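Peer 1: 3D, please:
(one chain, ligands or ions: 1)
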Amino acid sequence: MLKMLNANWIAVEDYQFPGGWTNATSSTDKESRARALCRQLEAGKILFFPKLPYEFPSVEREFLLSREWNELRLHKNVSYRPGDDVMRGFSGDHGTETHLHDILRNYSANVVKFLRDFLRPYAGEWKLDFASFRPFEEEGRDLSLHKRNDLLHVDAFRLRPTRGGRILRVFTNLHATKPRVWYAIDDFGYVAEKYAADAGLSRFAAKNGALRRNVSRWAAGLGLARLSRTPYDRFMLRFHDYLKENEDFQANSPKLRLEFPPLATWMVFTDGVAHAAMSGQFAMEQTLLIPPQALVAPESAPYRILERIAARPLIS
Ligand SMILES: [Fe+2]
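Peer 2: The predicted structure follows:
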């Protein structure tokens, strides 16, 4: 079932680059407008900008579009870690590597600068995660089932548990002429009610026992963050794979088709909005993790929805 409408994206008309907010002048006005948009985002809406809302010099965009990047095909994307200024996924000549690294560093810094103003309720609270450059055509990519981008899924990170925090992603379609096409389902409650039990939610919730909590505390004390996944993190990893494997969900869920035109930017909580990138080439993306205490609508968070269904706590 496919709904041909864009009801779940909100075109933001009162923010632009340069200049920022166009209607709000006082910081109180900006804060309340931003808070209303955070609430919409947390409820599953996609915020959409038809033009770049942050600085991205055309000379840098043109460089990214000027080649096919075939030397990167061993990797899914090129990733950039702002925290330690490290780029991964590139294997080519040193000059190109340095140039690409500079562009990703600037891109990440400019998106963060924009978000500090635009999503001000989260500023200072988020954990800045990776950025990525996605140069390959999504349609027909040869990836293993669980890595495929063109199957509907919710995001979960294997090595970076969020412990109930939310995954916010900002995308820009850099392609000069082609849209980036997504399918999306904005209602996490619907997906969870229909499929979480079959994906084994009660099994994950039941494991929220004293032993595991003690192991997590012990591991956290030793700085072994990898072991400190909550039952929520473990379930979401399983749910990501389960949804991609589920033919009924892929074929019959009421999804929306979204076309993001060239130079459009959009942001979405991809842990709640199931999504699939069906086609498109040359995209940029920056991820931020928003901790539970910074959410303006915590009742919309996937961990809260799953806790209601499981009738058990899933994060400690
Ligand atoms: Fe995803």
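Peer 1: give me the residue at the spatial middle of this protein.
Peer 2: Nearest to the mean C-alpha position of the chain, counting by C-alpha atoms, centre = their mean, stands residue 169 at 3.2 Å.
Peer 1: how about that residue, secondary structure?
Peer 2: Here residue 169 is recorded as strand under DSSP: H, G, I helix; E, B strand; the rest coil.
Peer 1: surely it and residue 287 touch.
Peer 2: Yes - at 5.2 Å, residue 169 counts as touching residue 287 under the criterion of C-beta atoms under 8 Å. Quick note: C-beta positions are derived from backbone N, CA and C, even for glycine.
Peer 1: mind checking how far the helix ranked longest in the chain is from the chain centre?
Peer 2: In the chain, taking DSSP state H as the definition, the longest helix is helix 94-118. Its chain's average C-alpha position is 17 Å from that of helix 94-118, according to C-alpha atoms, centre = their mean, to the nearest Å.
Peer 1: now do the buried residues in the helix or strand following it.
Peer 2: Moving toward the C-terminus from helix 94-118, the next helix or strand (DSSP states H and E) is strand 127-134. For strand 127-134, the neighbour count (16 or more other C-beta atoms under 10 Å) marks 128-134 as buried.
Peer 1: need these in JSON lines with pLDDT, can you?
Peer 2: Listed next are these as JSON lines, based on pLDDT from 0 to 100:
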{"residue": "128", "pLDDT": "97"}
{"residue": "129", "pLDDT": "97"}
{"residue": "130", "pLDDT": "97"}
{"residue": "131", "pLDDT": "98"}
{"residue": "132", "pLDDT": "97"}
{"residue": "133", "pLDDT": "97"}
{"residue": "134", "pLDDT": "95"}
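Peer 1: ok, the residues you listed vs residue 193, which is closest?
Peer 2: Distance to residue 193 across the buried residues of strand 127-134 (C-beta to C-beta) is lowest for residue 129, with 28.5 Å.
Peer 1: contacting residues for the closest one?
Peer 2: By C-beta atoms under 8 Å, 6 or more residues apart in numbering, residue 129 lies in contact with 160, 167, 286-289.
Peer 1: any idea where the helices of this structure begin and end?
Peer 2: Remark: helices assigned in the chain by DSSP H are 27-42, 58-65, 94-118, 188-195, 201-206, 210-221, 231-245, 247-252, 302-310.
Peer 1: pipe those into TSV and attach mean pLDDT, distance to residue 269 and mean neighbour count per row.
Peer 2: Below are the helices of the chain laid out as TSV (pLDDT from 0 to 100; distance: least, C-beta to C-beta, whole Å; neighbours: other C-beta atoms under 10 Å):
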stretch	mean pLDDT	distance to residue 269	mean neighbour count
helix 27-42	97	6	16
helix 58-65	97	26	14
helix 94-118	97	14	17
helix 188-195	98	9	18
helix 201-206	93	20	18
helix 210-221	51	25	12
helix 231-245	98	12	21
helix 247-252	96	19	13
helix 302-310	98	9	20
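Peer 1: the ones you listed: which one's closest to residue 266?
Peer 2: Using C-beta to C-beta, these put helix 27-42 closest to residue 266, at 10.6 Å.
Peer 1: and that closest one, how far from the chain's centre?
Peer 2: That offset, for helix 27-42, works out to 19 Å (C-alpha atoms, centre = their mean).
Peer 1: quick check: angle from that helix to helix 94-118?
Peer 2: 110 degrees (axes from the mean of the first three to the mean of the last three C-alpha atoms, to 10 degrees).
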